[in-house]
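Peer 1: Model the structure of this input:
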Amino acid sequence: MNGELRSPFGHFTGTTMCFLLAASLMLVGTADEPPKIALPEGHAAYSLMTDQGAIVGFILPGSKVDIVLTEKMKNGPTKTLVIKSGLLVVAVENDLKKKNVLTLTLAVKPDDAKVLEEAAKRGVLKALLNRVDIPKEKPKDN
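Peer 2: Next up is the predicted model:
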């Protein structure tokens, strides 16, 4: 593509090749360099290893997830809370040796990465897959 490309991921000029991977994830490259994942502007890639149980196959690049922290309190009970919402999944790696363990690469702002790092030290992090809105088919006029 010659010219300009404006997207939620930034502003691209010149000869740029774009491949839409999902509704909010794109590969960008030129004839001289291999394609790279275009993260939303102001975001960086952050990897998180998590035991996801039964939803392992449903979290895919382009999905949005909330991150849930479960921590054991000093006096015994556990506390669970959502610490980050609506994070974009950039990549997913499934550990074949550990059946339900995923490494999720997420697009996060620098402050989000700090929150996730601190939370990982306090307890167990899991991803909660966000609902996907499926557009309704418009009725056909006869």
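Peer 1: Kindly report the domain assignment for this structure.
Peer 2: 4-38, 44-129 (automatic domain parsing).
Peer 1: Parallel or antiparallel, which strands does the host helix or strand of Thr103 pair with?
Peer 2: In this assignment (DSSP states H and E), Thr103 forms part of strand 101-108. Applying DSSP bridges to the sheet, strand 101-108 is found paired with strand 44-51 (antiparallel), strand 78-94 (antiparallel).
Peer 1: Between the domains of the chain, which has the poorest mean confidence score?
Peer 2: Of all those, the minimum mean pLDDT falls on domain 4-38 (a mean of 52).
Peer 1: wait, is Ala120 part of a helix?
Peer 2: Yes. Assessed by DSSP: H, G, I helix; E, B strand; the rest coil, Ala120 belongs to a helix.
Peer 1: Might you report the residue contacts of it?
Peer 2: Ala120 makes contacts with Leu48, as judged by C-beta atoms under 8 Å, 6 or more residues apart in numbering. In this view, the C-beta of every residue, glycine as well, is placed from N, C-alpha and C.
Peer 1: element containing Glu117?
Peer 2: Per DSSP H and E, Glu117 falls inside helix 110-122.
Peer 1: between that helix and strand 101-108, how big is the angle?
Peer 2: Angle, helix 110-122 to strand 101-108, by axes from the mean of the first three to the mean of the last three C-alpha atoms, to 10 degrees: 150 degrees.
Peer 1: I'd like the numbering to begin with 888 instead of 1 from here.
Peer 2: Sure, I'll start counting at 888 from here, so that last one is helix 997-1009.
Peer 1: Run the angle between the following helix or strand past helix 997-1009 and strand 988-995 for me.
Peer 2: Following the chain from helix 997-1009 toward its C-terminal end, the next helix or strand by DSSP H and E is strand 1011-1016. If you take the same axes, to 10 degrees, strand 1011-1016 sits at 70 degrees to strand 988-995.
Peer 1: now the strands paired with strand 988-995 in a markdown table, with distance to Glu958 and mean neighbour count?
Peer 2: Shown next, in a markdown table, are the strands paired with strand 988-995 (distance: least, C-beta to C-beta, whole Å; neighbours: other C-beta atoms under 10 Å):
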| stretch | distance to Glu958 | mean neighbour count |
| --- | --- | --- |
| strand 931-938 | 14 | 16 |
| strand 965-981 | 6 | 15 |
